[in-house]
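Asks: Coordinates for the following, if possible.
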Amino acid sequence: MQQTAVKYGIITGTAIVLYLFVFHLIDRELVLNPLVYWSPILVSVVAMRMVVKREREENGGKIAQREALKHAFLTYVVAYLIFSVFIFALFNFIDPSLVELQKKAMLDAGRKIEGLDFTMTIGKVLFQYAYMLIPGFFLSYMVASFMKK
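Replies: As a prediction, this is how the structure comes out:
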């Protein structure tokens, strides 16, 4: 049963990576745009809903909220693991100049950058990943609440 959630998580993570990479190809600065960077959450919600719906159908049209939450959250966890690996690769290998672009964008917005470390290390990416699991859990809970029967 968890295979469905993992499968949808891989598909969702890949879709998010492709989505961001297309924006990167169009204009590198778009990757740093908050609307572009955070919009994949909507893709995740759709995927979580699809997983719960499929699991519910396989269980005769009923699913407990706890089961729905488990499948929805696992989908999110896998998708954002793929997303985090991509962000690490993007900033360190694919386009390291994004760090300078990020500094410039912050300066243009009037923010102070003195003393800030813009390097994208594995530790920072793992922390960001763990931090992203918090809203992911709440989104999963909402999806599970709406989809339970």
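Asks: phi, psi of A64?
Replies: phi -70, psi 150 (degrees, to the nearest 10).
Asks: Would you agree it is in contact with K148?
Replies: Yes - using CB atoms under 8 Å, A64 is in contact with K148, at 6.5 Å. Just so you know, the C-beta spots here come from the backbone N, C-alpha and C atoms, and that holds for glycine as well.
Asks: May I have the secondary structure class of V31?
Replies: Under the three-state scheme (DSSP: H, G, I helix; E, B strand; the rest coil), V31 adopts helix.
Asks: That one and D117, how far apart?
Replies: 19 Å (CB to CB, to the nearest Å).
Asks: Can you pick out the residue with more neighbours from the two?
Replies: More neighbours surround V31 than the other of V31 and D117, with 21 against 7 (other CB atoms under 10 Å).
Asks: List the contacts of that one.
Replies: L20, F23, H24, Y37, L90, L98 (CB atoms under 8 Å, 6 or more residues apart in numbering).
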